[in-house]
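Asks: Next input, structure requested:
(one chain, ligands or ions: 1)
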Amino acid sequence: MMDKENKKDIRSLSVEELRDFFIKNSHQAFRGNQVYKWLWQKGIHKFEGMTNLSKYARELLKKHFVINHVAIDFQQKSKDGTIKNTVRLFDKFIVESVLIPTATRTTACVSSQVGCSLDCKFCATAKIKRMRNLNMDEIYDQVKAMDQQSRYYYGRPLSNIVFMGMGEPLMNYKNMIASIEKITQPDGLGISPSRITVSTSGIPKMIMKMADDGVKFGLAVSLHSARQSVREQLMPFAKKFPLNELVTSIQYWYEKTSKPVTYEYIVWKKINDKKEDIDALVDLCKSTPCKVNLIEYNPIGENEFLQADNEAISDYRSALETNRITATVRRSRGKDIDAACGQLANKSI
Ligand code: SAH
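Replies: You can find the predicted model right below:
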């Protein structure tokens, strides 16, 4: 990534490349390690702040590089403690990320794209077209910033990370994977991959690729209906990725990773609240070990979607439990500040 003056973003360099840069410029290689630490562990945004480097070395870096970084333009705090961050990127695009505290955890929900190219009818982000993918460091920065917030406001580091903010992480595969590498490395944030979940709307080819790549994080799939005809209406792109292919890819994922998938599922009035919808879900769940997260619908303005009655949700729950499928009901967080799932749409700007 180059800026106007054709300077390279220094954070696109590996530690080896930084060491090489110093060697080529007649400095000792370990300077590269020092810079790497400033950039990734200390999260510094100005060359001046790299105080263990000589003034000359700092000027040299300035001549060749810029440090692209995100800035938190503002934070909104919900009554329930959820914090929504408006995150400005170096080229002025905005994404949002959300910190969600509970009694036992603090979870960071991160964005992977500016906007989204998918067309889920019930999601606010789908109303903004996809502008670009986030770079690896832009995803990492969101997590780093929320780790700091978590320590500051809640006195503990982040415990979990979910890729459930704006965008489809599997459509920004390379950068999503690279950001997780950095988040999990000891010289990054050292967070275990078992505490990270990537949520996808369901792209079979990419789910299989992830399984082949031997990733160690968890997978969530936004299912919302186990009936192809209904799912296609909710998520029109699902015509291209039919349920039978999705199920095959999830079976493959389980064979390779031994990790049960989590299905995210919203129950809407008159859309998927009938017995045949429940039966279809139970059937689909029997194909691979899984759990189902029944999530509350967060309204996104005028449309035909209405959260189903509690009765319908209980019917889902008991049908799943009768069939020994774990089901949880997820309550929304941060609704009062439009920070809940599917509500991220840069309303604040
Ligand atoms: N593109 C990815 C990740 C972003 S969406 C995916 O589809 O999984 C994160 C989760 O929020 C998904 O499960 C999505 O279905 C859900 N979601 C979208 N709009 C919502 C809304 N209005 N209310 C509740 N959940 C919503």
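
Asks: For Glu255, grab the count of nearby residues.
Replies: By other CB atoms under 10 Å, 10 other residues sit near Glu255. Quick note: C-beta positions are derived from backbone N, CA and C, even for glycine.

Asks: Next: Thr106.
Replies: Other residues within reach of Thr106, judged by other CB under 10 Å, total 23.

Asks: Repeat that for Gly81.
Replies: Using other CB under 10 Å, Gly81 is surrounded by 15 other residues.

Asks: Make sure it is actually in contact with Ala103.
Replies: No - the pair Gly81 / Ala103 is not scored as a contact, 10.5 Å apart, by CB atoms under 8 Å.

Asks: and the top helix by length along the chain, what other elements does it pack with?
Replies: Secondary structure of the chain per DSSP state H: the longest helix is helix 136-154. With contacts defined as 3 or more CB pairs under 8 Å, 6 or more residues apart in numbering; DSSP states H and E, helix 136-154 has these neighbours: strand 83-88, strand 94-101, strand 106-109, helix 173-184.

Asks: quick one: contacts of the following helix or strand past that helix?
Replies: Toward the C-terminal end, the helix or strand that comes next after helix 136-154 (DSSP states H and E) is strand 160-163. With contact meaning CB atoms under 8 Å, 6 or more residues apart in numbering, strand 160-163 is reached by 105-110, 112, 143, 169, 176, 183, 191, 195-199, 220.

Asks: Up against the ligand, what does the stretch 151-300 of the chain have?
Replies: Within the stretch 151-300 of the chain, the positions adjacent to the ligand are 164, 168, 199-201, 222, 264, 266, 295, 297-298, 300 by CB under 6 Å from any ligand atom.

Asks: Filter these down to the ones in strands?
Replies: 199-200, 222, 264, 266, 295 (DSSP state E).

Asks: Turn those into a markdown table, including pLDDT and neighbour count.
Replies: Below are those laid out as a markdown table (pLDDT from 0 to 100; neighbours: other CB atoms under 10 Å):
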| residue | pLDDT | neighbour count |
| --- | --- | --- |
| Ser199 | 98 | 23 |
| Thr200 | 98 | 23 |
| Ser222 | 98 | 25 |
| Glu264 | 97 | 19 |
| Ile266 | 97 | 25 |
| Ile295 | 93 | 21 |
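
Asks: Specify which member of the residues you listed is nearest to Thr248.
Replies: Thr200 (14.9 Å; CB to CB).

Asks: and the closest one, what does it touch?
Replies: By CB under 8 Å, 6+ apart, the contact list for Thr200 reads 168-170, 206-207, 219-222.

Asks: Just the closest of those residues to Cys290, please.
Replies: Taking CB to CB as the measure, Cys290 lies nearest Val221 of the contacts of Thr200, at 8.8 Å.

Asks: mean confidence for stretch 58-72?
Replies: Average pLDDT, stretch 58-72: 94.
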